[in-house]
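1. Please work out how this folds:
(one chain, ligands or ions: 2)
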Amino acid sequence: MKITKASVNISAPGRNFVTLKVETDEGIYGLGDGTLNGRELAVASYLTDHVIPCIVGRDPFQIEDIWQYLYRGSYWRRGPVTMAAIGAVDVALWDIKGKALNTPVYNLLGGKSREGLLVYAHANGTDVDHALEDVAKHKELGYKAIRVQSGIPGLAGTYGVAKTPGRYEPAERGLPQECEWATEPYLRHVPKLFARVREAFGEELHLLHDCHHRLTPMEAARLGKELEPFHLFWIEDPTPAELQEGFRTIRDHTTTPIAVGEVLNSIWDAHDLIRNQWIDYIRMTAVHAGGITHLKKVADFASLYHVRTGCHGATDLSPVCMAAALHLGTAIHNFGIQEHMPHTDETDTVFPHQYFFQDGLMYPGEGPGLGVDLDEKLAAKYPYQRAYLPVNRKLDGTLTDW
Ligand code: EZ4
Ligand code: CO
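-> Numbering: from 1, shown residues only. Ligands and ions are numbered 1, 2, ... in the order given. Model (predicted):
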């Protein structure tokens with residue numbers, strides 16, 4: 001089999017997505033997600049201008065060799081743009097191989113370690129009462145694990161909280177929004193939020209919370225300690241992870257489990273976090289961490305250190321990436337949990353898919369390959385629109401880490 005053609009689809013059905021389609025001389029094609037929220041066109045150019053010319057003519061079955069060729073061959077290794085582009089190619093090649101061998105991708109990765117994958121939903125509210133209502137709604141939908149974020153008294157807006165009740169979408173069209181942030185009221189508020197959630201819903205429900213990289217290690221240590229009575233499944237991104245050893249401080253002070261990795265791109269970004277057992281869950285995804293090939297290596301390395309996976313699954317990870325996460329999560333032993341932030345109806349219609357949600361779990365489907373398609377005609381009706389994640393400033397105007 002030979003790769004005959006590859007093309008990049010940039011469209012915005014509900015939000016922006018970059019999708020790579022790799023075609024072969026046997027009529028089989030594969031899809032890969034290359035979406036990098038707020039920097040989509042950089043990945044599209046990396047693929048179109050620099051990668052596609054190098055993969056046409058190659059045998060798509062040689063996934064490991066093509067991965068190494070793109071990673072080593074570029075000379076400039078790692079980074080989100082490079083790794084998203086490599087990830088898009090890699091996922092498309094796994095899709096091709098599954099279709100060619102007429103088997104779901106999880107079968108190529110070792111087969112089923114489980115039937116369904118535990119997923120967590122997002123609940124949010126401008127205050128605690130509204131957040132509780134949203135938790136109740138998601139519990140009703142069958143979720144067994146729920147991330148809870150709420151507005152902070154005294155702050156105009158907070159990460160993870162929709163401005164108008166309903167779904168929270170991280171990026172907004174136009175230029176970046178500027179939001180305000182203050183750590184002290186946040187630290188005072190979050191333990192009160194979780195006390196109310198436990199009081200209302202009992203001990204069974206898994207509860208998660210995203211700090212979104214805003215705290216210093218010692219602030220995160222305090223938060224983790226104060227949340228201990230409420231037995232969280234995890235706190236996410238407690239502190240920025242460029243300095244991996246920053247996590248040692250948090251670890252030394254709290255038994256609240258720690259998840260990190262949605263902005264990490266390679267095993268080297270998490271090497272110290274994992275081998276020192278400073279974290280419990282690694283959140284890298286197929287799109288941003290070099291595809292299924294590299295993510296499987298990260299997961300296997302993590303398995304040596306009691307670290308489980310908790311892949312990022314916000315709306316900016318396309319259905320192609322969700323399918324990749326579900327196939328990998330089905331196969332590996334150390335799957336932990338999968339984030340599930342449902343896509344808009346526009347996204348779901350442009351990307352018809354086999355994976356589905358039932359009773360708190362997700363299933364990848366049994367069709368060949370990844371089980372996701374792209375309706376290119378429909379996608380053409382939703383042209384790309386520039387959109388950014390917000391930036392945040394402390395009350396004195398200083399930019400926050402995220
Ligand atoms: O900020 O998906 O856990 N989820 C998150 C998301 C991320 C966006 C980044 O593109 O933190 O809201
Ligand atoms: Co997050």
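2. CA atoms for contacts and neighbours, from now on please.
-> Will do.
3. For whichever strand or helix holds residue 190, name the packing helices and strands.
-> Assessed by DSSP states H and E, residue 190 sits inside helix 183-201. Counting contacts by 3 or more C-alpha pairs under 8 Å, 6 or more residues apart in numbering; DSSP states H and E, helix 183-201 is packed against helix 128-140, helix 217-227.
4. what angle do the first one and helix 183-201 make?
-> Computed with axes from the mean of the first three to the mean of the last three C-alpha atoms, to 10 degrees, the direction of helix 128-140 lies at 50 degrees from that of helix 183-201.
5. and if you look at the shortest one?
-> Regarding helix 217-227 and helix 183-201, their directions subtend 20 degrees when assessed with the same axes, to 10 degrees.
6. other SSEs contacting helix 217-227?
-> Partner elements for helix 217-227 (3+ C-alpha pairs under 8 Å, 6+ apart): helix 183-201, helix 246-253.
7. in the last one, what's buried?
-> To tie it back to what came earlier, the one meant is helix 246-253. Buried positions in helix 246-253, judged by neighbour count with 16 or more other C-alpha atoms under 10 Å: 246, 247, 248, 249, 250, 251.
8. One more: the first one?
-> Buried residues in helix 183-201, defined by neighbour count with 16+ other C-alpha under 10 Å: 186, 187, 189, 190, 191, 193, 194, 196, 197, 198.
9. got a markdown table for these, with distance to ligand 1 and pLDDT too?
-> Formatted as a markdown table, the buried residues of helix 183-201 follow (distance: C-alpha to the nearest ligand atom, whole Å; pLDDT from 0 to 100):
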| residue | distance to ligand 1 | pLDDT |
| --- | --- | --- |
| 186 | 17 | 97 |
| 187 | 18 | 98 |
| 189 | 19 | 98 |
| 190 | 17 | 98 |
| 191 | 19 | 98 |
| 193 | 18 | 98 |
| 194 | 18 | 98 |
| 196 | 22 | 98 |
| 197 | 20 | 98 |
| 198 | 21 | 98 |
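10. From those, pick the one nearest residue 402.
-> Within those, distances to residue 402 taken as C-alpha to C-alpha reach their minimum at residue 186, with 14.9 Å.
11. Isn't that closest one up against residue 150?
-> No - under the criterion of C-alpha atoms under 8 Å, residue 186 makes no contact with residue 150, lying 9.7 Å away.
12. Tell me the secondary structure at residue 8.
-> The three-state label for residue 8, taken from DSSP: H, G, I helix; E, B strand; the rest coil, comes out as strand.
13. make that residue 115, sorry
-> coil.
14. do the same with residue 4
-> strand.
15. Is it correct that it is in contact with residue 59?
-> No - assessed by C-alpha under 8 Å, residue 4 is found out of contact with residue 59, at 9.7 Å.
16. I'd like to know which residues of the stretch 301-402 of the chain are adjacent to ligand 1.
-> Contacts of the stretch 301-402 of the chain with ligand 1, taken as C-alpha under 6 Å from any ligand atom, map to 312, 314, 316.
17. And these, which is closest to residue 167?
-> Taking these together and measuring to residue 167 by C-alpha to C-alpha, the closest member is residue 314, at 11.3 Å.
18. what about the helices in this structure?
-> Taking DSSP state H as the test, the helices found in the chain are 40-45, 52-55, 63-73, 80-100, 105-108, 128-140, 183-201, 217-227, 246-253, 267-275, 291-303, 319-331, 345-350, 376-379.
19. What residues does the spatially closest residue to residue 10 that is not a sequence neighbour make contact with?
-> Excluding its sequence neighbours, the residue lying closest to residue 10 (C-alpha to C-alpha, 6 or more residues apart in numbering) is residue 18, at 4.7 Å. By C-alpha atoms under 8 Å, 6 or more residues apart in numbering, the contact set of residue 18 is 8, 9, 10, 11, 33, 34, 35, 36, 40, 43, 44.
20. what do you get for residue 352?
-> 372, 373, 374, 375.
21. near ligand 1, which residues of the stretch 101-250 of the chain?
-> Checking the stretch 101-250 of the chain against ligand 1 by C-alpha under 6 Å from any ligand atom, the hits are 170, 212.
22. residue in the stretch 101-250 of the chain nearest to ligand 1?
-> residue 170 (5.0 Å; C-alpha to the nearest ligand atom).
23. who's in contact with the closest residue to that residue other than its chain neighbours?
-> Distances taken as C-alpha to C-alpha, 6+ apart put residue 389 closest to residue 170, at 6.1 Å, once the chain neighbours are dropped. By C-alpha under 8 Å, 6+ apart, the contact list for residue 389 reads 37, 38, 170, 171, 172, 176, 177.
24. Among those residues, filter down to the buried ones and hand me the ChimeraX syntax, if you would.
-> Selection of buried members from the contacts of residue 389 for ChimeraX, criterion 16+ other C-alpha under 10 Å:
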select :37,38,170,171,172,176
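25. what would the contacts of residue 389 look like in CSV with pLDDT?
-> Formatted as CSV, the contacts of residue 389 follow (pLDDT from 0 to 100):
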residue, pLDDT
37, 97
38, 97
170, 88
171, 92
172, 91
176, 94
177, 92
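26. so which of the contacts of residue 389 would you say is closest to residue 321?
-> Distances from residue 321 to the contacts of residue 389, taken by C-alpha to C-alpha, are shortest for residue 37, at 13.4 Å.
27. No further queries at this time; thank you.
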